[in-house]
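>>> Need a 3D model of the sequence below.
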Amino acid sequence: MTGQHKLLLATNNLHKAREYSMLLGDIPFQLTTLSQEGINTVVEETGASMRENAEIKACAYASLSGLTTMADDSGLEVDALGKMPGYLSSRFGGEGLSDKQRTDYLLSELKDVPWDKRGASFRCVIAIIQQGESNPLLCHGECRGIITLKPCGKEGFGYDPVFYLPEMGKTMAELSSEEKNRISHRGQAAREASIVLKNISER
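So this is what the prediction gives:
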């Protein structure tokens, strides 16, 4: 691959796009988004796992754009809820809820669960598919924590205010961007993705 080619970030989530623009700053691609490419099609997440949803989005948007495409699916797995909400994290509690409403719903589901049973994981799966290829390359990240009794912190988004990191003594929403990117599930997966993308660029 010669020159700097485009990498399509297949997300309409501005928070997520912003994080990836920081996490992937040193890759030999020019980052672009769905809106920048004029792509308005919404690809439904019909898979039964984070991996399936990431693959579905990557393949669909690569076909629409003709670009090397990266899509992810991430979610929160709560031990006491049998690893729910998982790949349904963005729809947990019902469609159309705000981050705060969804977080409040999660806390209500855990209201009788003691602290030592509130373990959880943030997980992320990234799928990368090169133009003309049929099988996406996969990258993974996982971050363990505990669901707090109440939200704390103003940074981040989604479930970050209730995801407590014992080793940091803070919730994900109390971390700086630099701290979060160093330890988060998305940061881990993005570091794997950077290696994959550099390998692609050298072919």
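
>>> Just want the phi and psi numbers for Leu76.
Note on Leu76: backbone dihedrals following degrees, to the nearest 10 are phi -110, psi 130.

>>> so what's it up against?
Leu76 sits next to Pro85, Gly86, Ser89, Leu106, Ala120, Ser121, Phe122, Arg123, Gly158, Tyr159, Phe163 when contact means C-beta atoms under 8 Å, 6 or more residues apart in numbering. C-beta: built from backbone N, CA, C; applies to glycine.

>>> next one: Glu142
Taking C-beta under 8 Å, 6+ apart, we find Glu142 in contact with Ser121, Phe122, Arg123, Cys124, His185, Gln188.

>>> Could you rerun that using 7 Å?
Ser121, Arg123, His185 (C-beta atoms under 7 Å, 6 or more residues apart in numbering).

>>> One more: Met168?
Contacts of Met168 (C-beta under 7 Å, 6+ apart): Leu175.

>>> Report the secondary structure state of it.
Per DSSP: H, G, I helix; E, B strand; the rest coil, the secondary structure class of Met168 is coil.

>>> same question, Gly75
strand.

>>> Around the residue nearest to it when sequence neighbours are not counted, count how many other residues there are.
Once flanking residues are discounted, Gly75 sits nearest to Ser89: 3.6 Å by C-beta to C-beta, 6 or more residues apart in numbering. Using other C-beta atoms under 10 Å, Ser89 is surrounded by 21 other residues.

>>> Can you tell me which of the contacts of Glu142 comes closest to Leu14?
Proximity of the contacts of Glu142 to Leu14 (C-beta to C-beta) peaks at His185, which lies at 18.8 Å.

>>> The closest one reaches Ser74, doesn't it?
Yes. Contact criterion C-beta atoms under 7 Å: His185 and Ser74 qualify, at 6.3 Å.

>>> list the residues that contact both of these two?
Contacts common to His185 and Ser74, judged by C-beta under 7 Å, 6+ apart, are Phe122, Arg123, Cys124.

>>> want to throw these into JSON lines with pLDDT?
Output for those, formatted as JSON lines (pLDDT from 0 to 100):
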{"residue": "Phe122", "pLDDT": "98"}
{"residue": "Arg123", "pLDDT": "98"}
{"residue": "Cys124", "pLDDT": "97"}
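
>>> looking at this, Asp72 is in a strand?
Yes. Counting by three-state DSSP, Asp72 is part of a strand.

>>> For it, list the residues it contacts.
Ala54, Cys124, Val125, Ile126, Ala189.

>>> taking those residues one by one, which sit in strands?
Residues of the contacts of Asp72 located in strands (DSSP state E): Cys124, Val125, Ile126.

>>> Next up, the contacts around the last one.
Read that as Ile126. Counted by C-beta under 7 Å, 6+ apart, Ile126 has contacts Ala54, Met70, Asp72, Leu138, Cys139, Ala189, Ala193.

>>> if I look at it, how far off is Asp79?
Separation of Ile126 from Asp79 (C-beta to C-beta, to the nearest Å): 24 Å.

>>> Likewise for Lys6?
Taking C-beta to C-beta, one finds Lys6 at 40 Å from Asp79.

>>> How about Ser176?
For Ser176, the distance to Asp79 (C-beta to C-beta) stands at 27 Å.
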